[in-house]
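S.K.: Model the following, please.
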Amino acid sequence: MLLNHIAIVNASEEHAEKFYGQFLELEKSKEYTVSSELAEQLFSLSSEFKAVVYEKDGIRFEIFLYPDSVPESSDIRHAALFVDDLTAFLDRARRFEVEHIIGKTAEKTVHFIKDYSGNMIEVKQKP
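M.R.: As a prediction, this is how the structure comes out:
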């Protein structure tokens with residue numbers, strides 16, 4: 001079994017491009033519209049919306065642009081990425097004004113970032 005993609009809701013195309021295209025340096029590979037009929041059947045949403053796909057090196061995010069649907073602050077769903085250099089990645093996140101959340105216990109430190117619509121992404125040093 002292989003992961004095909006992760007779908008995430010974003011409030012704006014500009015925020016999606018800045019985070020997934022510019023910050024994560026993924027390539028925009030596709031844009032399409034989910035019809036209102038399909039949106040209703042699959043997601044119980046009453047209107048059509050645009051989707052943009054960003055991908056690179058086997059990572060694929062489908063970004064659903066739906067301004068009225070952003071994550072709640074208590075949402076625990078997230079994606080997780082391995083990065084080549086965690087310190088450099090987190091420095092880059094600061095330059096892009098990406099929110100960085102740190103969780104610490106006696107045994108470990110965990111790093112999360114949030115995209116500009118509040119979606120959580122865990123980042124880990126590649127082994």
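S.K.: can you tell me the distance between the two ends of stretch 92-104?
M.R.: Criterion CA to CA, to the nearest Å; first-to-last residue distance in stretch 92-104 is 21 Å.
S.K.: what's in contact with it?
M.R.: Applying CB atoms under 8 Å, 6 or more residues apart in numbering, the contact partners of stretch 92-104 are 18-19, 22-23, 90, 109-116, 120. All C-beta spots, glycine's among them, are computed from the backbone N, C-alpha and C.
S.K.: That one - what's its average pLDDT?
M.R.: In this model, stretch 92-104 has an average pLDDT of 96.
S.K.: what's the answer for stretch 11-23, then?
M.R.: 96.
S.K.: and what of stretch 27-41?
M.R.: Here the average pLDDT along stretch 27-41 is 93.
S.K.: re earlier: highest neighbour count among the contacts of stretch 92-104?
M.R.: residue 19 (26 neighbours; other CB atoms under 10 Å).
S.K.: looking at this, that residue is in a helix?
M.R.: Yes: applying DSSP: H, G, I helix; E, B strand; the rest coil, one finds residue 19 inside a helix.
S.K.: counting residues per helix, which one in this protein is longest?
M.R.: Secondary structure assigned by DSSP state H gives helix 86-95 as the longest helix of the chain.
S.K.: buried ones in that helix?
M.R.: 89, 90, 93 (16 or more other CB atoms under 10 Å).
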